[in-house]
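Novice: Just need the structure, nothing else, for what follows:
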Amino acid sequence: MSERTIKHPVIEDKQNHKLTTQVTETGCQMSNLYDLINAVNELAMGYASEETTSLLGRLHRPLPPGEEPVRLFSLRYDVDRCYSDNVLAMPVSCITVLSFTLLGHTRFVCVSDTHLQTHKMDPLPDGDVLIHAGDFTQEGLPQEVVKFNDWLGTLPYKHKIVIAGNHELSFDPVTIKSWECMQRYDESELKDMYLKLTNCTYLEDSETNVLGFRIYGSPWQPEFFDWSFNLPRGQPMLDVWNKIPEGIDILITHGPPLGHGDKTMSEQRAGCMELLNTIQKRVKPKYHIFGHIHEGYGVTSDGYTTYINASTCTLRYRPINKPVIFDLPNPS
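Specialist: Numbering: from 1, shown residues only. All right, here's what the predicted structure looks like:
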């Protein structure tokens with residue numbers, strides 16, 4: 001079996017996308033290329049099926065040093081004509097994608113619920129913006145927050161957006177007072193814990209603008225035992241979601257909305273109805289990123305908003321779920 005990296009253009013069209021591929025000349029089928037072609041076509045049309053989302057989730061290996069990307073067509077190219085016209089005049093039987101980036105787009109890499117397991121995670125994929133949807137610690141202890149911040153400092157992303165989750169006990173004044181593990185610290189050690197996150201932008205019921213994209217983050221979820229940022233269902237949750245402004249491109253919450261990435265091991269739905277209504281009836285973001293329900297990891301859509309449960313850890317706290325990646329066209 002021989003392997004090589006294609007450095008010349010495979011196919012070119014007016015709309016190009018950076019792509020580096022590795023070709024294995026024996027043992028596989030060309031269906032991989034069909035999947036890739038269809039994925040690029042879908043993205044060019046502003047749509048991503050479940051198959052395309054799954055494919056993009058696997059395109060996370062970085063370019064080899066010194067390798068130039070090749071170019072792949074987009075915009076509804078005829079796959080069958082591509083083969084019948086022998087455009088791909090290469091004696092190959094398998095193409096493996098090493099890196100894929102849409103030109104003129106911003107790449108977002110989403111993780112959540114890493115729970116101090118970052119040292120056990122595979123290297124994160126390339127991208128422009130990292131989003132972490134909370135639960136980056138076990139109990140929100142000061143040394144845990146510092147350790148997470150140090151890890152963020154090693155990552156090459158231009159922008160890193162982080163919210164807290166229910167495990168960040170020291171970020172919520174209520175759980176600072178109620179949890180025994182918080183009592184071993186002086187009040188001064190726990191004050192404004194978010195200020196220890198010097199290697200990211202921390203959002204708590206607040207908005208930031210990154211490369212022209214409006215991003216809003218909030219840590220709340222319906223009450224879950226006595227962890228942080230818990231509120232009763234109904235009006236208390238709605239009051240929080242009413243703070244979210246309209247026109248947001250990307251919404252980050254720790255907990256899921258009802259019906260999307262919220263099914264627990266017991267088959268019950270743990271998502272928030274008030275959050276779902278807020279998203280679908282008023283805010284209508286392009287993407288909603290969250291975690292909290294580890295077993296709900298995955299991507300769904302309601303036809304307008306794409307919902308991403310980016311939980312890195314499984315139900316047994318093994319950090320094996322891959323980051324979820326999506327690209328958005330750069331604002332004009």
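Novice: hey, let's count contacts and neighbours off CA atoms from now on
Specialist: Will do.
Novice: domains for this protein, by residue range?
Specialist: Domain ranges of the chain: 3-102, 105-329, per automatic domain parsing.
Novice: Could you export those domains to CSV, including columns for mean neighbour count?
Specialist: Shown next, in CSV, are these (neighbours: other Cα atoms under 10 Å):
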stretch, mean neighbour count
domain 3-102, 16
domain 105-329, 19
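Novice: Lowest average pLDDT across those domains?
Specialist: Lowest mean pLDDT of those: domain 3-102, a mean of 47.
Novice: Can you tell me the SS state at the residue nearest the centre of the chain?
Specialist: In the chain, the C-alpha nearest the mean C-alpha coordinate belongs to Cys110, at 1.9 Å (Cα atoms, centre = their mean). Under DSSP: H, G, I helix; E, B strand; the rest coil, Cys110 falls in the strand class.
Novice: Could I get the contacting residues of it?
Specialist: Leu130, Ile131, His132, Ala133, Ile289, Ala310, Pro323, Val324, Ile325 (Cα atoms under 8 Å, 6 or more residues apart in numbering).
Novice: Equivalent analysis for Gly247, please.
Specialist: With Cα under 8 Å, 6+ apart, Gly247 has these contacts: Arg214, Val283, Lys284, Pro285.
Novice: closest to Pro142 among the residues you listed?
Specialist: Of all the contacts of Gly247, Arg214 has the smallest distance to Pro142: 29.9 Å, by Cα to Cα.
Novice: can you give me phi and psi for the closest one?
Specialist: The phi and psi torsions at Arg214 (degrees, to the nearest 10) take the values phi -90, psi 120.
Novice: Quick check: it touching Ile252?
Specialist: No: assessed by Cα atoms under 8 Å, Arg214 is found out of contact with Ile252, at 11.0 Å.
Novice: what about Gly217, which SS state?
Specialist: Under three-state DSSP, Gly217 falls in the strand class.
Novice: any idea which helix or strand carries the residue nearest to it when sequence neighbours are not counted?
Specialist: Setting aside the residues directly before and after it, Gly217 is nearest to Ile252 in space (Cα to Cα, 6 or more residues apart in numbering), at 4.6 Å. Using DSSP states H and E, Ile252 falls within strand 250-253.
Novice: can you map out the helices along the stretch 51-200 of the chain?
Specialist: For the stretch 51-200 of the chain, applying DSSP state H, counting those that start in this stretch gives helices covering 79-84, 142-153, 173-178, 187-190.
Novice: now for those, which one comes closest to Pro236?
Specialist: Pro236 sits nearest to helix 173-178 of all the helices of the stretch 51-200 of the chain, at 15.4 Å, using Cα to Cα.
Novice: what ranges do the strands span in the stretch 101-250 of the chain?
Specialist: All strands of the stretch 101-250 of the chain, identified by DSSP state E, counting those that start in this stretch, fall at 105-111, 129-132, 159-162, 201-202, 206-210, 213-218, 221-222, 230-231, 250-253.
Novice: what angle do the first one and strand 206-210 make?
Specialist: With axes from the mean of the first three to the mean of the last three Cα atoms, to 10 degrees as the basis, strand 105-111 and strand 206-210 are set at 140 degrees to each other.
Novice: Return the list of strands paired to strand 105-111, each annotated with direction.
Specialist: strand 129-132 (parallel), strand 324-329 (antiparallel) (DSSP bridges).
Novice: Then the third one?
Specialist: Pairing partners of strand 159-162, with direction, according to DSSP bridges: strand 129-132 (parallel), strand 201-202 (parallel).
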